[in-house]
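Visitor: Fold the following and give me the result.
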Amino acid sequence: DKVMIALLTGLAAAVAGAPAATPTSCGPCVAADMVWCYHDDTCYPHGSAEDRLPFACPGTNDCAASDCDCKSCDETKCQPAIPNAQSCHGYNCSVNGQYCSPKVPGSSGNGFCCDAGQWVAGICTPPNPLVNATPSQLHLGLGINPGEMTLSWASANATGATVHYGPIGSGLTSVAGGDTRALNVAGARFTHTATMINLTEGGEYQYYVDGYTQKFNFTFRHAHQPGRVNKHIIFGDMGSAHAYSLCLACTGDPVCDAATCATNKTSVGLIAETDADMFLHLGDFAYNFDTNNGELGDQFMRNIEQVAAKVPYMVSHGNHEDSSTNLAHYIERFRAMPSNAVPPTFKAATGETTNTLYYSWDAGLVHYIAISTELWFGVGDLSVNKATMLKWLEADLQAANANRDKVPWVIAHGHRDIYCSTSDDSDCNTLGDAGKVRLDLEPLFYKYGLDLWINGHEHSYERTYPLYKGKSVASNINPPSTIYIVTGAAGSPEMHEGFDNQQPSWSAFRSNTFGYSRMHVYNSSHLYWEQVQTDPTLFPGSDYGRVIDSTWIVQDKHGPFDPSRAPKGTAFPIGDESPERSQDHWEPLLKKFGVDDGSNRAMSAIIRDYKAFHGEAAFAAVEDKLLRYVNAREGGASTYEDVRGDGSSSGSWLRWKGL
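Guide: Reported below is the predicted structural model:
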């Protein structure tokens, strides 16, 4: 009998102190009086090195005394603990369900305690500190006029929206009154904006908000100063939890504020980039703004305050801001962006407000154009839609070209992809979402000589060579067409997919490790691009902050591209998958779980061969192990991204499980 053989094997292994054969469920482990380590689906003896939390489930059907959540061993594998909750380890929660305490009559007995706040839909959610009316969530933005910097924040009060500012050491005698609006969808709070004026280029300033005792410093940098390199930090898709790029201390806990980040290495990550001229977040915030009546959005804004209160935090709109409540939160929280959109207003769930779905601004030698790729996918109102944006965009590109003697670099950004190769779903498919956006934008970009397009959405990084209509050239010296960059891996609860499709000939480098981008603008002709890895999940801490890709982009003649120089070939031979062109986040674990064949080929080729030999279901089981392993290490409840046929990144994880 196969079951009896498995049980005897397990018992023999227990005697020998060695692991039993992989059981694929915890039932055999229970029957053999062993512990089941869910990260590798293996039975281990009690008292072994593997018999420790959070990797092992006890030999019982009820796993409430561990950091696992086994509903029943014969039907459900152990899953990571409830986000933010702590297991009681022989204790129960107190009567109010918030704290672990010795077992007492009337306690909940569920094994998990929400000592961070309150239970909301099965998630332990921190309390909303807005109830004390203290202003928080401060973030700067570049103003629409020279010498201006905007400040935005939130509070529970409609009053006290005043900023005091001035040069450091001056006594902060300047005062800016704030514009206050109610953000009363998905919770209730007030958002405030104020504009600091008459700022001097390169001047160092200090400010504080009425009701908030902390003072912040910033250096005003808007125009380019000859001889000074401008640094812009660019990334997309960062949640409140799993915000790995923010600092090394961030985990699956949604709280990763200044106090959290101060507990670990502070010389790396976004918190170490506050000497930058600007941050640019390419959509998908908090995951999501409206969760738990907007409290998760509040926490996200508190998390980024440690950088955004010191450096302008510019934004564009992502698909996680598409719902009416999330869109209202996005627009109201960032309504101080320097909008020059036509029409100038947008009707959100909160009423008529500033149209920040698309707008443009100058930062030194760069003209930035923010667009909403979500207008291709149903977002909009009666007066703001894809057609109005495209009309505005062409006019803005024309004006930017006329000003290239002063501001030579023109860079557009949004959320969804135009070119990418992460997976063969509709995100990157020519006939899917990428194709829809590309059809309208690529001709305009080529006509007006757009230098770079930058987007998030894919939770990965990818840089192309100059590219037009699928053709490319292997040089960034005087590019004959636009370069496309995906940088959407700042960190969120939606984990990376492995690369399994063949890397296209136009793809210079791709990686699905967590990270962010640095862009150094040296002068009118030279720009230096870097990708910084910030992945604490499967890589050593010494790798955090490591530059994994870099390139110079040199353009001596900005302006419309010359059709006679349009790319006509391929940057790499079709079918080339040189390992140095890519990096897979999952590679360390793919080796551990036997997928890597040791051939030193690109992981995408190895994964395809594994699927061909073992089948899709076998690789889905490996993916299941990978995800549960990371969840056990980092906490929280990650899922895989981009798993629906429509390419959405909404956290659904049915397709990869074959359901």
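Visitor: Helices of this protein, start to end?
Guide: Assigned by DSSP state H, the helices in the chain fall at 2-16, 27-31, 258-261, 295-308, 324-333, 386-402, 433-448, 587-592, 603-614, 616-634.
Visitor: so which of those gets nearest residue 347?
Guide: helix 324-333 (10.1 Å; Cβ to Cβ). In this view, the C-beta of every residue, glycine as well, is placed from N, C-alpha and C.
Visitor: what's the average pLDDT for the closest one?
Guide: The pLDDT scores in helix 324-333 average 95.
Visitor: Roughly how far does residue 190 sit from residue 136?
Guide: Here residue 190 is placed at a distance of 12 Å from residue 136 (Cβ to Cβ, to the nearest Å).
Visitor: Now the common contact residues for those two.
Guide: 154, 155 (Cβ atoms under 8 Å, 6 or more residues apart in numbering).
Visitor: Can you give the distance of stretch 244-251 from its chain's centre?
Guide: 11 Å (Cα atoms, centre = their mean, to the nearest Å).
Visitor: quick one: terminal-to-terminal distance for that stretch?
Guide: End-to-end span of stretch 244-251 (Cα to Cα, to the nearest Å): 7 Å.
Visitor: One more: stretch 520-528?
Guide: 5 Å.
Visitor: mind listing what's buried in it?
Guide: By 16 or more other Cβ atoms under 10 Å, the buried positions in stretch 520-528 come out as 520, 521, 524, 527, 528.
Visitor: Could you do stretch 565-577 as well?
Guide: In terms of neighbour count (16+ other Cβ under 10 Å), stretch 565-577 has its buried residues at 567, 570, 571, 572, 577.
Visitor: which residue packs closest to the fourth one, ignoring adjacent ones?
Guide: Okay, so that is residue 572. Closest residue in space to residue 572, ignoring its immediate chain neighbours: residue 505 at 4.6 Å, by Cβ to Cβ, 6 or more residues apart in numbering.
Visitor: which one of the helices of the chain lies closest to residue 182?
Guide: With Cβ to Cβ as the yardstick, what comes closest out of the helices of the chain is helix 324-333 (8.8 Å).
Visitor: how far does that closest one sit from the chain's center?
Guide: Relative to its parent chain, helix 324-333 has a centroid offset of 18 Å by Cα atoms, centre = their mean.
Visitor: Now do the strands for the stretch 451-600 of the chain: every range, in order, please.
Guide: With DSSP state E, counting those that start in this stretch as the criterion, the stretch 451-600 of the chain has strands at 452-455, 461-464, 467-468, 471-472, 483-487, 494-495, 507-511, 515-521, 526-533, 546-554, 582-583.
Visitor: Tell me the strands beside the first one, with direction?
Guide: To tie it back to what came earlier, the one meant is strand 452-455. Next to strand 452-455 in the sheet, as set by DSSP bridges, lie strand 409-414 (parallel), strand 483-487 (parallel).
Visitor: Any chance of a markdown table for these, columns mean neighbour count and distance to residue 178?
Guide: Shown next, in a markdown table, are the strands paired with strand 452-455 (neighbours: other Cβ atoms under 10 Å; distance: least, Cβ to Cβ, whole Å):
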| stretch | mean neighbour count | distance to residue 178 |
| --- | --- | --- |
| strand 409-414 | 26 | 28 |
| strand 483-487 | 27 | 33 |
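Visitor: Now mean pLDDT too, for these, in JSON lines please.
Guide: Formatted as JSON lines, the strands paired with strand 452-455 follow (pLDDT from 0 to 100):
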{"stretch": "strand 409-414", "mean pLDDT": "98"}
{"stretch": "strand 483-487", "mean pLDDT": "98"}
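Visitor: can you redo those as CSV with distance to residue 473?
Guide: Converted to CSV, these look like this (distance: least, Cβ to Cβ, whole Å):
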stretch, distance to residue 473
strand 409-414, 20
strand 483-487, 11
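Visitor: Alright, that wraps it up for me.
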